[in-house]
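Asker: just a sequence and a predicted model for now, questions to come.
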Amino acid sequence: MSEKDAQAMIPISIDEFVEGISVPADLYLRLGDKKFVILQKAGQKASRERLGSYKDKKVNYLWVQKEAYSRISQQNITLAGLVIDKSTVNLDKKSTILSAASTSIFTNLEHVGASPVIFNDAKQITEATLGLIENHNRLTQLIESFSQSNDAFVNHSLAVSAISVMIGQAMGWEKRVTLEKLSLGGLLHDIGLKTLPPELLKKPLAEMSYEETQIYETHPYKGMILLQSLGVVPDDITSIVYEHQENRIGQGYPQRSRDVKQHPLGKVVAVADQFCYLTMPGVNNPEPRSPREALMYMEFTMGQPFNRDVFRALKVVVSGQPLSNAG
Ligand SMILES: [Fe+2]
Ligand SMILES: [Fe+2]
């Protein structure tokens, strides 16, 4: 047993460990406020059987020392880049690896602090996400594979990243740099939520008080400020983050701006965001809709408040038809 300051330790969800891959840091079990016991030494392989037995005992997180965390996050990101084109690895496993890599961005932000490392990691994950879509372009399967892990925030961020790229492609945008921006903006669009009180985020939107809603709706602005503070994030990305809750009819937030004033890539991420929100499990959505039901909801219940071309492209993505057949 060792006395460690909990501030010096970082929790890692057991779901993030990939079977058979050696873990480059000592892993600890937390027994109390400052009580951690070492479970396995750095270099030992993760075993699903062993980790599963901890989960059975309701242990969902293992802990590493803060200074060792970057080794784990770097390994996850490298791994994501390596497996994405492999036809021998199935989609679910790829998504698990990609979500472990993405989790490391938000874990770094929460436990180590905002730094340009976060943005560089996000760029590498974007590369892997584009590779994933090249190899697996079936929308329903992608959404299912992104709904697997326990971290609804990471699932959502990755799915918005991937669907934004698919919509961009359906709009006929081919430039790699544009698709990368969509993927990055999608991955980081809700990063401002990480600056809000965690208890607030556990509450469904419909149950929030007026004040709580006001706080919640600061997340696009806070996300933009956070990314600008890194000093390395292009304006296109910060605009996507700032505008992802806006819509065509001026009923979004924070600016209630109308279509003409919105960044073209922000319009895409806004649609992907709403679509993923409806089709994936989350605090607001215990019973997710199918992709087609989500389209119907956006079109008829919400009155299709989004950019028309982008929404049409989403329909193309959902139907799997080429653009010329789209209604
Ligand atoms: Fe958002
Ligand atoms: Fe979102």
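Answerer: Great, that's in hand. Please read these numbers as outputs of a predicted model, since none were measured by experiment. Numbering: from 1, shown residues only. Ligands and ions are numbered 1, 2, ... in the order given.

Asker: please count neighbours and contacts with C-alpha atoms only from this point.
Answerer: Fine.

Asker: what about the strands in the stretch 51-200 of the chain?
Answerer: For the stretch 51-200 of the chain, the strands identified by DSSP state E, counting those that start in this stretch occupy 61-65, in order along the chain.

Asker: now do the helices in it.
Answerer: Taking DSSP state H, counting those that start in this stretch as the criterion, the stretch 51-200 of the chain contains helices spanning 66-83, 91-107, 116-135, 139-146, 152-170, 176-188, 198-201.

Asker: which stretch among the ones you listed comes nearest M302?
Answerer: Among the helices of the stretch 51-200 of the chain, helix 152-170 comes nearest to M302, with 19.3 Å by C-alpha to C-alpha.

Asker: now tabulate the helices of the stretch 51-200 of the chain in a markdown table and tack on mean pLDDT, distance to N247 and mean neighbour count.
Answerer: Listed next are the helices of the stretch 51-200 of the chain as a markdown table, based on pLDDT from 0 to 100; distance: least, C-alpha to C-alpha, whole Å; neighbours: other C-alpha atoms under 10 Å:
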| stretch | mean pLDDT | distance to N247 | mean neighbour count |
| --- | --- | --- | --- |
| helix 66-83 | 92 | 33 | 19 |
| helix 91-107 | 93 | 27 | 23 |
| helix 116-135 | 95 | 25 | 19 |
| helix 139-146 | 94 | 23 | 18 |
| helix 152-170 | 97 | 15 | 26 |
| helix 176-188 | 98 | 16 | 24 |
| helix 198-201 | 95 | 22 | 12 |
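
Asker: for the ones you listed, which one sits closest to Q304?
Answerer: With respect to Q304, and counting by C-alpha to C-alpha, the nearest of the helices of the stretch 51-200 of the chain is helix 152-170 at 16.1 Å.

Asker: how many residues are close by T238?
Answerer: As a burial measure, T238 scores 22 neighbours (other C-alpha atoms under 10 Å).

Asker: pretty sure it sits against M224.
Answerer: Yes. The pair formed by T238 and M224 meets the contact definition of C-alpha atoms under 8 Å, at 5.1 Å.

Asker: what does P197 show for phi and psi?
Answerer: Note on P197: backbone dihedrals following degrees, to the nearest 10 are phi -60, psi 130.

Asker: rewinding a little: let's have the helices of the stretch 51-200 of the chain in JSON lines, adding distance to A8.
Answerer: Supplementary listing: those in JSON lines, determined by distance: least, C-alpha to C-alpha, whole Å:
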{"stretch": "helix 66-83", "distance to A8": "5"}
{"stretch": "helix 91-107", "distance to A8": "13"}
{"stretch": "helix 116-135", "distance to A8": "19"}
{"stretch": "helix 139-146", "distance to A8": "31"}
{"stretch": "helix 152-170", "distance to A8": "23"}
{"stretch": "helix 176-188", "distance to A8": "26"}
{"stretch": "helix 198-201", "distance to A8": "20"}
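
Asker: S319: which of the ones you listed is closest?
Answerer: Go through the helices of the stretch 51-200 of the chain one by one with C-alpha to C-alpha and the one that ends up closest to S319 is helix 139-146, at 9.1 Å.

Asker: what's the closest one packed up against?
Answerer: Based on contacts counted as 3 or more C-alpha pairs under 8 Å, 6 or more residues apart in numbering; DSSP states H and E, the elements that helix 139-146 packs against are helix 91-107, helix 152-170.

Asker: run the chain-centre distance for the shortest one.
Answerer: Meaning helix 91-107. Distance, stretch centre to chain centre, for helix 91-107: 9 Å (C-alpha atoms, centre = their mean, to the nearest Å).

Asker: now stretch 84-100
Answerer: Per C-alpha atoms, centre = their mean, the displacement of stretch 84-100 from the mean C-alpha position of its chain is 15 Å.

Asker: and if you look at stretch 207-221?
Answerer: Offset of stretch 207-221 from its chain centre (C-alpha atoms, centre = their mean): 20 Å.

Asker: average model confidence for it?
Answerer: Averaged over stretch 207-221, pLDDT sits at 97.

Asker: and if you look at stretch 44-61?
Answerer: For stretch 44-61, mean pLDDT rounds to 86.

Asker: now do the buried residues in it.
Answerer: Going by neighbour count (16 or more other C-alpha atoms under 10 Å), the buried part of stretch 44-61 is 45-46, 51, 54, 60-61.

Asker: and the helices of the stretch 51-200 of the chain: which comes nearest T279?
Answerer: Each of the helices of the stretch 51-200 of the chain was scored for nearness to T279 using C-alpha to C-alpha, and the closest is helix 139-146 (7.7 Å).

Asker: next, the buried residues of stretch 17-31.
Answerer: Within stretch 17-31, judged by 16+ other C-alpha under 10 Å, the buried ones are 17-18, 22-30.

Asker: just put the helices and strands packed on helix 139-146 in a markdown table and tack on distance to Y69.
Answerer: Formatted as a markdown table, the helices and strands packed on helix 139-146 follow (distance: least, C-alpha to C-alpha, whole Å):
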| stretch | distance to Y69 |
| --- | --- |
| helix 91-107 | 9 |
| helix 152-170 | 18 |
